[in-house]
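Participant: Okay, here's the prediction I keep looking at, along with the sequence it came from:
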Amino acid sequence: RILFAVLLKFFAERFCRKTLVMRQENRNFATLYLLLLIHFFISTIAMKIIHTADLHLGNVFHQHSRVAEHRHFFQWLLQTLKHEEPDALIISGDIFDSPNPSVEVQRLFFDFLNQCTQENEGMQVVVIAGNHDSGARIEAVEELLRLHNIYVRGTVQRKCENIDFERNILPLSPRHTSEAAVVCYALPFLRSMDYPHNLSVEGGIKYHLQQMDKCHKASEFKKLPVVLAAHFYAVGAFVNEQEHSERLVVGGQDCVEVGDLGKRYAYTALGHIHKAQEVADLETVRYSGSPIALSFSEVDYKRSVMLVEVDERGRAEVRAIDYTPLCDLLTLPKYGYASPEKLLSLLADLPKDDGTTPRETWPYLELHVQLSQPEPELRAKIAKLLDDKAVRFCRVTTETAKREPQTTETLPSLETQLEQISPLELAQRCY
């Protein structure tokens, strides 16, 4: 863009010099026209935003606490905010893993918000509730947070029986000015009581957006571009079919079509799905993904936050900033299932705890074993091998080895009465 502006200015000056036969006012008009063209093609950045979501503070992963991992992410995010100097931070829901988070993780979150605003003067923070959150709980200190440029929207509120749509329309301004540059629609996770009863989940969300559009067009900020922060399951979003930790409604009843959001809004900051991705090939409709893995099916997901630059004409450029979590997920074997002997061999090769590596950095371990017969002592053998290993054991999943189909001669029948077969013989036939 800068190169284009320089070239355009160069040709404008040459054009003016070569038109000496023109009257002075005509040359001034030509210069003004070319400068307007430059402004049309090169718009200044109005707002710089960082988008994250699905923190799931308080999550317990196979009986292991995640507090150290979340603290590591917050420290990294604070450094990123300091380096990138965004005007706003948007957190699109699922702040906590449950509606009743512990005091420890609540303190962790509010300490982060406090440090975040202290170290980044003038930056605004927008927080919405997700389906895992208690919207009323995160709004409990709303007025106190507002004094620190932190705006929390957890529930749909009403005025005289009517939904207060204007409350969720937040004008945001660059760090060092009070003049709004974009408008944020802060739409928390909607429940069935938050929209007319005859509407589906998709219909309810679209109803809210339509009403907010009307309020926006009637406001003094009607010419400003819109950034939408919402928490829902978008049609076309990738969700791991094997095992997913997102709470999805069976049959896709909670799916929402996002086809026109890319045209209506400068950027759509989504939460709910844990894999960072753009939706329906729309670069400006994105899930930031969760900062840490919440199931072993997410082992290959890349972790990141989204950096969004919105210009004054409402065009957005999006870039992912990669984050490396504190610890990894480890599955043995990496693909498929191993026999008990092979699995025990893999465990023997794991690194030992030498006392120098903090326990919170050890990988989480999942084992896949294929059994051809019962192995009652396998668990004890696994526990003994892992006793001095630098891993955190989570679970064992088993698969039964395929057997040759039995013939009528080997199966019990009326001719070979079951009472004539000993339990040991029956077990041998089955395994």
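Facilitator: That came through fine.

Participant: so which helix or strand takes in Tyr185?
Facilitator: For Tyr185, the enclosing helix or strand under DSSP states H and E is strand 182-186.

Participant: Neighbouring strands of that strand in the sheet, and parallel or not?
Facilitator: strand 169-172 (antiparallel), strand 226-231 (parallel) (DSSP bridges).

Participant: Pick the most buried one from the ones you listed.
Facilitator: Among the strands paired with strand 182-186, ranked by average contacts under mean count of other C-beta atoms under 10 Å, first place goes to strand 226-231 (a mean of 26). All C-beta atoms are positioned from the backbone trio N, CA, C, and that covers glycine.

Participant: for that one, the distance to its chain's centre please.
Facilitator: Taking C-alpha atoms, centre = their mean, to the nearest Å, the mean C-alpha location of strand 226-231 is offset from the chain mean by 13 Å.

Participant: Any chance you could list what contacts it?
Facilitator: Strand 226-231 has contacts (C-beta atoms under 8 Å, 6 or more residues apart in numbering) with 47, 49, 51, 53, 90, 92-94, 126, 128-131, 172, 182-189, 205, 209, 216, 261, 264-272, 308, 310, 314.

Participant: Quick one, which of those are buried?
Facilitator: With burial judged by 16 or more other C-beta atoms under 10 Å, the buried subset of these is 47, 49, 51, 53, 90, 92-94, 126, 128-131, 172, 182-189, 205, 209, 216, 261, 265-272, 308, 310, 314.

Participant: Now do the contacts for the spatially most central residue of the chain.
Facilitator: Nearest to the mean C-alpha position of the chain, counting by C-alpha atoms, centre = their mean, stands Gly289 at 2.4 Å. Contacts for Gly289 were tallied using C-beta under 8 Å, 6+ apart; they are Ala53, Asp54, Ile273, His274, Lys275, Ala276, Gln277, Tyr301, Lys302, Arg303, Ser304.

Participant: Quick check: the fifth one vs Ser288, distance?
Facilitator: In this structure, Lys275 lies at 10 Å from Ser288, with C-beta to C-beta, to the nearest Å as the measure.

Participant: Tell me which of these two has more neighbours.
Facilitator: Ser288 (27 against 21; other C-beta atoms under 10 Å).

Participant: check contacts around the more buried one.
Facilitator: Contact partners of Ser288, counting by C-beta under 8 Å, 6+ apart, are His51, Thr52, Ala53, Asp54, Ser92, Ala269, Leu270, Gly271, Ala276, Ser304, Val305, Met306.

Participant: check which helix or strand covers the first one.
Facilitator: In this case it means His51. strand 45-52.

Participant: State the pLDDT value of Ile91.
Facilitator: Predicted confidence (pLDDT) for Ile91: 98.

Participant: give me the beta-bridge partners of it?
Facilitator: Applying DSSP bridges to Ile91 gives these bridge partners: Thr52, Val127.

Participant: which ones are touching it?
Facilitator: Listed by C-beta under 8 Å, 6+ apart, the contact set of Ile91 reads Thr52, Ala53, Leu55, Val125, Val126, Val127, Ile128, Gly271.

Participant: same thing with Asp164?
Facilitator: Val156, Gln157, Arg158.

Participant: Backbone dihedrals for it, please?
Facilitator: Phi and psi for Asp164, reported as degrees, to the nearest 10, are phi -90, psi 90.

Participant: just checking, Thr117 touches Met123?
Facilitator: Yes - counting by C-beta atoms under 8 Å, Thr117 touches Met123, with 6.7 Å between them.

Participant: intersection of neighbour lists for these two?
Facilitator: By C-beta under 8 Å, 6+ apart, the residues touching both Thr117 and Met123 are Asn149.

Participant: which residue ranges form the helices in the stretch 151-300 of the chain?
Facilitator: For the stretch 151-300 of the chain, applying DSSP state H, counting those that start in this stretch gives helices covering 201-217, 261-264.

Participant: where does this structure dip in pLDDT?
Facilitator: 1-43, 244, 247, 249-253, 403-420 (pLDDT under 70).
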